[in-house]
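J.: turn this into a structure:
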Amino acid sequence: MATFEYDAVLLDPTRLTIVSLLAGVEWAEFGWLREEADVSASALSKQVSTLETKGYVEVKKGYVGKRPRTWVSLSDAGRGALENHVAALQQVVEASRRRADGAGT
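T.: Numbers count the residues shown, from 1 in each chain. Below you'll find the model as predicted:
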């Protein structure tokens, strides 16, 4: 069985929430992402900047009418990082189950 490693960037619960939400959509508007992640605009902005620096998300800015908008998308690198991080977590769960099953016999 392959061994996966945790992604240090995704150990932060807010960043993990952001990439998890983005995994289900092509692009997310900043306001929607803020509401779904249940964080302040400034906290989201900081975390999105960190993810963008790592290459995990792409950010584009534009306007809807005269109102500025920001959209965020999960990059291929971000999707891969999320998949590997989740696989590492699943390995821990499976190892724990195996130990529990072995201890019960």
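
J.: every contact and neighbour count from this point should use C-alpha atoms.
T.: Will do.

J.: got the buried residues for stretch 33-40?
T.: Neighbour counts over stretch 33-40 (16 or more other C-alpha atoms under 10 Å) mark Leu33, Arg34, Ala37 as buried.

J.: chain center to it: distance?
T.: 13 Å (C-alpha atoms, centre = their mean, to the nearest Å).

J.: for Arg69, pull up the helix or strand it's in.
T.: Arg69 belongs to strand 67-74 when assigned by DSSP states H and E.

J.: and the lowest-mean-pLDDT helix or strand in the chain, what's buried?
T.: Each helix and strand of the chain was given a mean pLDDT (mean pLDDT, DSSP states H and E); the minimum falls on helix 76-103 at a mean of 91. For helix 76-103, the neighbour count (16+ other C-alpha under 10 Å) marks Gly78, Arg79, Ala81, Leu82, Glu83, Asn84, His85, Val86, Ala87, Ala88, Gln91 as buried.

J.: hang on, the earlier thing: packing partners for the strand holding Arg69?
T.: On a contact count with 3 or more C-alpha pairs under 8 Å, 6 or more residues apart in numbering; DSSP states H and E, strand 67-74 meets helix 13-22, strand 28-29, helix 30-37, strand 57-64.

J.: so how far is the first one from its chain's centroid?
T.: If you compare the mean C-alpha spot of helix 13-22 with that of the full chain, they lie 3 Å apart, counting by C-alpha atoms, centre = their mean.
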